[in-house]
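Chemist: my questions concern the predicted model and sequence given below.
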Amino acid sequence: MRASSVVNARSRIEDYALVGDCHTAALVSKNGSIDWLCLPRFDSDACFAALLGTPDHGRWLLAPHAHPRRVTRSYREGTLILDTTFETHTGTVTVTDCMPLRDAVPHLVRVVHGIRGRVHMHSELIVRFEYGSVVPWVRKANLGIQAIAGPHMLRVQSDVPMRGENMTTVADFDVGAGDTVTFALTWHASHVRQPHGVDARALVRSTEKIWREWSAQCTYRGEWRDVVIQSLVTLKALTHAVTGGIIAAPTTSLPEIIGGVRNWDYRYCWVRDATFTLMALAAGGFKSEARAWREWLLRAVAGSPAQLQIMYAIDGGRRIPEWEVEWLPGYEQSRPVRVGNAASNQCQTDVYGELLDAMYQFSSVLEQETASWALQRALLEHLESKWDEPDSGIWEVRGPQRHFTHSKLMAWVGFDRGIKTIERFQVPGPLERWRSVRDSLHEQVCRAGFDAGLGAFVQEYGSKKLDASLLMIPLVGFLPVSDPRVRGTVQAIEARLMDRGFVRRYETDPAVDGLPRGEGAFLPCSFWLADNWAMMGRDADARALFKRLVGLCNDVGLLSEEYDTLTGRMLGNFPQAFSHVSLVNTAYNLALAESGPAGRRQAAR
């Protein structure tokens, strides 16, 4: 079978691995095809888009000409350098994929190593820009080709000759045992001078050294060290090296249900994720990354507190207009394909609590109050005027605004952390007034957000619906896990939101979220349930759930946002930072369980 025919079969989301350079990233399928690549940064329009369309929208296949008998792959320990080994009837080769950590322009390096026998290889490169819509002008260049379209220039250099064939750049070559063949793709702005050629093998060596030195800083020594390090490496890869912003995922519009419309662009930085990410990085020993993320937060949210957004661009930009890419059919016909995210304009009160919690957590790690108190105070003063208003909630529903219980819970967190900052660091503020607001919020949530008939907290005031976000109640210190209302909420979620051993976010309802029913189990919520069980002393249950969740990781340790429990497939954008942050935090919580109950944020309070 010709290698190019293999890629025409749609790869599953979990069939992909990530390579990146902390500016941008690419997804590599098990069959040797790179089907998603945004250049020069995560949210750029200069990208291959085959993952969301067809191979003609851009991809780069590098694989044996004949169908391999066996394919195995792994990351080199502590790195994001991917080795994929193809075993054929004539021999064995390994393809190494790497995006070197850069100082200027981005490179994508592919190196073929001959292991055994002799293998006939095939490379097939289809360059398309602007989400697969723009065909570039391709011409031969020294040791390769150049592809140019408007502001974008790609250069590909190789040890083997490449030729044009049906709007595609191809190469066929043999690799014997001990042979090495290299390819290097470089992007640069078309109006600037072309950079010098690259030594692909040297770039792989230097990048491996940098990654290993970075991951060696990890302070976690528990039994889950391998998956924790892989998750931290993934988070590092999703961190923009210059701005410090951490994107939710490097992809857009991978569906939450196959063939559905719940397809969103996650290539942006969510304020809500700040606490999770800060604590995961800091707990892992990576305080410089945590500090860079905090500085990104302070820059992004600076200005009027009334204009706080739930998400920002990588550089802190506020305008993220949403539009639909009509020429792309979507992943397995899941339409529409979206660029941008209209939820950036929603009112979500809980982000104030998440942001204030993040700032308090970071000050606690440093054991000193930072220069951000003036901003925190302004945020709290604004929150005083709006906490009692309806909003769109943590799940960014596109239906009417409501009084979501989780939003009120996180408003309580905001005032609680502000009060603790005043008490701990002796900064000025209206302590008694904020204590009164905190007490009012606590009373209201316990009264209006709790349903005595269900014996559980509910999604919104007066509702009978459950919401897995309320697993945060003991994790943020609102109520102890020993409280019957907390235990009742956990039991209700176990009974109604558990789906074959995993947790769904909520009971989807078009009247609530404005979208058709149906989605997969939400992996971060499943980790939160494990955290709750660990705090309750249900260590065996917590560990069993954590093992099931870790077992969902693909062969190179990556997780998406959701999981289809019926088909056993990953769903949603991939890899998902929120899932990996939750994995790291739960691994630490399980390690802490031996010394007593400890929630995600307990240690810092």
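Modeler: Received the coordinates, thanks. Numbering: from 1, shown residues only.
Chemist: what's the longest helix in this structure?
Modeler: For the chain, the helix that runs over the most residues, judged by DSSP state H, is helix 405-425.
Chemist: so what touches whichever helix or strand comes after that one?
Modeler: Going down the chain from helix 405-425, the next helix or strand is helix 431-448, by DSSP states H and E. The contact list for helix 431-448 (CB atoms under 8 Å, 6 or more residues apart in numbering) reads 380, 384, 387, 403, 405, 408-409, 411-412, 415-416, 418-419, 422-423, 457, 461-462, 478, 485. Where C-beta positions appear, they are placed from N, C-alpha and C, glycine not excepted.
Chemist: if we can go back for a sec, packing partners for the longest helix of the chain?
Modeler: Applying 3 or more CB pairs under 8 Å, 6 or more residues apart in numbering; DSSP states H and E, we find helix 405-425 packed against helix 350-366, helix 373-386, helix 431-448, helix 472-475.
Chemist: do that again at 6 Å, thanks
Modeler: Counting contacts by 3 or more CB pairs under 6 Å, 6 or more residues apart in numbering; DSSP states H and E, helix 405-425 packs against helix 350-366, helix 431-448.
Chemist: so which of those is the most surrounded?
Modeler: The highest mean neighbour count among the helices and strands packed on helix 405-425, using mean count of other CB atoms under 10 Å, belongs to helix 350-366: a mean of 24.
Chemist: returning to that earlier point: for the longest helix of the chain, buried residues please.
Modeler: Residues of helix 405-425 classed as buried under the neighbour-count rule (16 or more other CB atoms under 10 Å) are 405-422.
Chemist: where does pLDDT dip in the stretch 451-600 of the chain?
Modeler: Applying pLDDT under 70 to the stretch 451-600 of the chain flags residues 510-518, 594-600.
Chemist: how about the helices in it?
Modeler: 472-475, 484-496, 510-513, 523-535, 539-551, 577-592 (DSSP state H, counting those that start in this stretch).
Chemist: closest one to residue 86 among those?
Modeler: helix 539-551 (25.8 Å; CB to CB).
Chemist: export the helices of the stretch 451-600 of the chain as a markdown table, with columns for mean neighbour count and distance to residue 97.
Modeler: Compiled in a markdown table, the helices of the stretch 451-600 of the chain are given as follows (neighbours: other CB atoms under 10 Å; distance: least, CB to CB, whole Å):
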| stretch | mean neighbour count | distance to residue 97 |
| --- | --- | --- |
| helix 472-475 | 24 | 38 |
| helix 484-496 | 17 | 40 |
| helix 510-513 | 15 | 38 |
| helix 523-535 | 26 | 25 |
| helix 539-551 | 16 | 24 |
| helix 577-592 | 25 | 20 |
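Chemist: indicate which one of those is closest to residue 56.
Modeler: Using CB to CB, the helices of the stretch 451-600 of the chain put helix 577-592 closest to residue 56, at 30.4 Å.
Chemist: ok, how many other residues are close to residue 137?
Modeler: When counting by other CB atoms under 10 Å, one arrives at 8 neighbours for residue 137.
Chemist: measure it to residue 127 for me?
Modeler: 10 Å (CB to CB, to the nearest Å).
Chemist: check residue 209 too.
Modeler: Taking CB to CB, one finds residue 209 at 31 Å from residue 127.
Chemist: compare the two (neighbour count), which wins?
Modeler: residue 127 (26 against 12).
Chemist: contacts only, for that one.
Modeler: By CB atoms under 6 Å, 6 or more residues apart in numbering, the contact list for residue 127 reads 136, 147, 154.
Chemist: what lines up beside the helix or strand containing the second one in the sheet?
Modeler: Looking back up the chat, that one is residue 147. Assigned by DSSP H and E, residue 147 belongs to strand 144-149. Looking at strand 144-149 with DSSP bridges, its partner strands are strand 137-141 (antiparallel), strand 152-158 (antiparallel).
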